[in-house]
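Enquirer: Fold the following.
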Amino acid sequence: MYQLPQDALEYVLACKEELMDLERTLCQIPAPSHKEHARAAFCKKWLEDAGAKGVYIDEVQNVIFPINAEGSNRLTLFAAHMDTVFPDTEPMPMTEKDGLLYCPGAGDDTGSVALVLMISKYLITRNIQPKDGFLMVCNTCEEMDQTGITHVVNAYEGRLKEVYMMDGLYNQVVNWPVAYQKYKVSIHAQGGHAYLSFGNPSAIQCAASMIQDIYALPLPEGCKSSYNVGLISGGSTINAIAQNVEMAVEMRSELESNLNSLRQSFRDIVKKHQDMEIYEIRVADDGSLPGKGDVDEARQEKINEKMRQIFGQYLEGKTIFRSGAGDLNIPASKGVPGVGFCAYKLGRIHSRDEYIDLESLENALRTSLTVVLSCVDD
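Expert: Prediction:
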């Protein structure tokens, strides 16, 4: 059983209003991916005002607060991402109704940023020195390309013992990273008048054939995998044979080896259509995330069990353990065990009417602080 000391319980109760106000303040600081500068500056100053020493903003705008980290090669990383999926650079609309705060990005992941700050304040004001050192991080670019967490992991490569990504859905724990690959495909064909040039090569016909081949692929065995053609555009008018088509292809798998198999199958489909010598087909890498590396499974299971117990103590319902893609992929690909988790209630994520349950933040602080303090002497 993981128990908070009385002082920590009193801190959670005393900070309830401050935590909710912090959430409101953060929501009004725009932070689109790669443009998190204002939110980063706020977080750094907030930590310094709370008494943090040594907090810094790195080259990609991550806010990093090391605690007893100098010389340690067994650091524990706690991180929440500052960026939102929305491009707005002006404050976004924010309303409250029936205890819910509505604002784009309120739950994903602004609530977790507020928690990282409040937990850091507790550690600062109680002068808690974790045995192996902590990194308290508000990172950038989770919604775009993982630039932020990649920079942190590379900067501390070989020095991370385990990681806790504070991001996700209520009472869910991501403990297995999903690898993915995205492609942009451009197809050019001769085209022509739909009636007078009937029979000329069509870019749409080529795309349809490629899509049919993709969806006929058998999935690799051994884990969950998927493929999808999510976007397609092209053609110019109803009575013209299409000269150009673009489409977006994505493949995912819980095992990197299975994703590699899907990659090869896709390349074979592309080559088959290129070899017809009637279409010009270009494929561009549109981003990828690596899968899990050589993680210490005993350590990972210990983390899983700890999360099961702590969430079971504080949260409603049965905790869901699942796979997912995000910042966790980066340290996991380098063999660092860890999880992603969320302890507050939220909804309609990635939409303009996203919301967070403000009342649930108190218990989320209680839960997340228990997770952090469980690592102090571990």
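Enquirer: Skipping its backbone neighbours, what lies nearest L365 in space?
Expert: Beyond its immediate neighbours in the sequence, the residue positioned closest to L365 (CB to CB, 6 or more residues apart in numbering) is V12, lying 5.1 Å away. Quick note: C-beta positions are derived from backbone N, CA and C, even for glycine.
Enquirer: Over the host helix or strand of the one you found, what's the mean pLDDT, rounded is fine.
Expert: Counting by DSSP states H and E, the secondary-structure element that holds V12 is helix 6-14. The average of the pLDDT scores along helix 6-14 is 98.
Enquirer: Would you mind identifying the next helix or strand past it?
Expert: Moving toward the C-terminus from helix 6-14, the next helix or strand (DSSP H and E) is helix 16-27.
Enquirer: Would you mind getting the angle between that following helix and helix 6-14?
Expert: Note on geometry: by axes from the mean of the first three to the mean of the last three CA atoms, to 10 degrees, helix 16-27 and helix 6-14 are set 60 degrees apart in direction.
Enquirer: what packs against helix 16-27?
Expert: Of the remaining helices and strands, those touching helix 16-27 by 3 or more CB pairs under 8 Å, 6 or more residues apart in numbering; DSSP states H and E are helix 37-49, strand 100-102, helix 111-125, helix 360-373.
Enquirer: Wasn't K161 part of a helix?
Expert: No - K161 is assigned strand when assessed by DSSP: H, G, I helix; E, B strand; the rest coil, not a helix.
Enquirer: Count the neighbours of the nearest residue to it once chain neighbours are set aside for me.
Expert: Closest residue to K161 in three dimensions, ignoring its sequence neighbours and counting by CB to CB, 6+ apart: R74, at 4.1 Å. Each residue near R74 was counted by other CB atoms under 10 Å, and the total is 14.
Enquirer: which phi and psi does R74 have?
Expert: In this entry, R74 is assigned phi and psi values of phi -140, psi 50 (degrees, to the nearest 10).
Enquirer: pretty sure G222 contacts L255?
Expert: Yes - under the criterion of CB atoms under 8 Å, G222 lies in contact with L255, with a separation of 6.3 Å.
Enquirer: Neighbour count for these two, which is higher?
Expert: Neighbours were tallied for G222 and for L255 using other CB under 10 Å; the higher tally belongs to L255 (19 against 11).
Enquirer: Okay, helices next: where are they in the stretch 201-350 of the chain?
Expert: For the stretch 201-350 of the chain, helices defined by DSSP state H, counting those that start in this stretch occupy the ranges 203-215, 256-274, 297-314, 329-333.
Enquirer: most packed of these?
Expert: Between the helices of the stretch 201-350 of the chain, the one whose residues have the most neighbours on average, counting mean count of other CB atoms under 10 Å, is helix 329-333 (a mean of 25).
Enquirer: check contacts around the closest residue to E18 other than its chain neighbours.
Expert: Among residues not flanking E18 along the chain, M118 sits closest, at 7.4 Å (CB to CB, 6+ apart). Taking CB atoms under 8 Å, 6 or more residues apart in numbering as the definition of contact, the neighbours of M118 are C15, E18, L19, L22, L365.
Enquirer: neighbours around the nearest residue to E362 once chain neighbours are set aside, how many?
Expert: Taking CB to CB, 6+ apart as the measure, E362 lies nearest to K16, with 4.9 Å between them; neighbours along the chain are not counted. K16: 14 surrounding residues under other CB under 10 Å.
Enquirer: So this protein: which segments form each domain?
Expert: 6-177+291-373, 179-289 (automatic domain parsing).
Enquirer: Most tightly packed of those?
Expert: Most buried of the domains of the chain, by mean neighbour count (mean count of other CB under 10 Å): domain 6-177+291-373, with a mean of 20.
Enquirer: any idea how far that one is from the chain center?
Expert: Domain 6-177+291-373 sits 11 Å away from the centroid of its parent chain (CA atoms, centre = their mean, to the nearest Å).
Enquirer: cool, and stretch 160-178?
Expert: If you compare the mean C-alpha spot of stretch 160-178 with that of the full chain, they lie 9 Å apart, counting by CA atoms, centre = their mean.
Enquirer: now it: mean pLDDT?
Expert: pLDDT averaged over stretch 160-178 gives 98.
Enquirer: Isn't the residue nearest to E362 up against S360?
Expert: No - between K16 and S360 there is no contact under CB under 8 Å: 11.2 Å.
Enquirer: Give me the phi and psi angles of the spatially most central residue of the chain.
Expert: In the chain, the C-alpha closest to the average C-alpha coordinate belongs to G326, at a distance of 3.1 Å (CA atoms, centre = their mean). Here the main-chain torsion angles of G326 (degrees, to the nearest 10) amount to phi 170, psi -150.
Enquirer: Settle this for me: it is touching W176, isn't it.
Expert: No - checked against CB under 8 Å, the pair G326 and W176 is beyond contact range at 11.7 Å.
Enquirer: dump the residue contacts of the residue of the chain most remote from its centre.
Expert: Each residue of the chain has a distance to the centre, and by CA atoms, centre = their mean the biggest one is for L196: 51.2 Å. Going by CB under 8 Å, 6+ apart, L196 touches no other residue.
Enquirer: how near is it to T150?
Expert: Using CB to CB, to the nearest Å, we find L196 at a distance of 53 Å from T150.
Enquirer: so what pLDDT did the residue nearest to the centre of the chain get?
Expert: You'll see G326 listed with a pLDDT of 97.
Enquirer: now it: how far from I149?
Expert: From G326 across to I149, the span is 9 Å (CB to CB).
Enquirer: Report the set of residues contacting both of the two.
Expert: Overlap between the neighbourhoods of G326 and I149 consists of E142, M165, taking contacts as CB under 8 Å, 6+ apart.
Enquirer: per-residue confidence at the residue nearest to K121 when sequence neighbours are not counted?
Expert: Spatially, and ignoring its direct neighbours in sequence, K121 is nearest to A50 (4.3 Å; CB to CB, 6+ apart). Per-residue confidence for A50 comes out at a pLDDT of 98.
Enquirer: No more questions from me, cheers.
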